[in-house]
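>>> sequence first, predicted coordinates after that:
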Amino acid sequence: MSALVILSLVVLVLLFVIAGMYNNLVRLRNRYKNAFAQIDVQLKRRYDLIPNLVETAKGYIKHERETLEAVVAARNQAAQAVGRAAANPGDPSAMQSLVGAESALSGALGKLMVVVEAYPDLKANQNMAQLMEELTSTENKVAFSRQAYNDSVMEYNTAAETFPSVIIAGMFNFRQAALFEITQEKERDAVKVSF
């Protein structure tokens, strides 16, 4: 009888340990998903600013239509990529697609900034200055959000890869999450906004 009680206690303790590890993995997965949602909010704010920026610039730089169209196209691609990534923030292919789209958008915005520099009246425009200030602020918030997301992913991945949690992660299909990282050197350059 006492052997049965001891065995029952061991099984009960083991179940509590397994449940604890499982719940910890769920908590960490939800934390990195929430952290990505914060990136999503900031990127949407950024994407909302871009059409206003393009409209303000349109009146001044009529001969730079290709640049404006490139910015709008890159913005639309980035918005689609963030939507796919938001559906499954830990998916490596979705994150890679988002990083590529964000890189293209940053490049297009960089070209727009070069064009803006060539038009003194546009640089002096009050609306343009305000939009550029908001864009700069949003870029900073995106950077902080990316850092928080990557920290959360690292914590989740570490928990999912360490023993004995790795057993639970494998049993319940907790896959490794992808970081939001820049892979190419040219993508590391921030959009330069200056007046």
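Cool, the structure landed.
>>> show me how far stretch 28-44 is from its chain's centre.
7 Å (C-alpha atoms, centre = their mean, to the nearest Å).
>>> how about it: buried residues?
For stretch 28-44, burial by neighbour count (16 or more other C-beta atoms under 10 Å) applies to L28, R29, R31, Y32, K33, A35, F36, Q38, I39, D40, Q42, L43. For the C-beta atoms, the positions are set from N, CA and C on the backbone; glycine is no exception.
>>> for this structure, which spans come out with low pLDDT?
Within the chain, the ranges that satisfy pLDDT under 70 run 183-195.
>>> which ones are touching the residue nearest in space to the middle of the chain?
Among the residues of the chain, the one closest to the centroid is I39, at 4.6 Å (C-alpha atoms, centre = their mean). Counting by C-beta atoms under 8 Å, 6 or more residues apart in numbering, I39 touches V82, V142, S145, R146, Y149, F180.
>>> now do A104
A104 is in contact with A74, Q77, A78, counting by C-beta under 8 Å, 6+ apart.
>>> picking up where we left off before, for the buried residues of stretch 28-44, give me CSV that also has distance to S93 and secondary structure.
As requested, the buried residues of stretch 28-44 are exported to CSV (distance: C-beta to C-beta, whole Å; DSSP: H, G, I helix; E, B strand; the rest coil):
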residue, distance to S93, secondary structure
L28, 21, helix
R29, 18, helix
R31, 22, helix
Y32, 17, helix
K33, 17, helix
A35, 19, helix
F36, 15, helix
Q38, 22, helix
I39, 17, helix
D40, 17, helix
Q42, 22, helix
L43, 18, helix
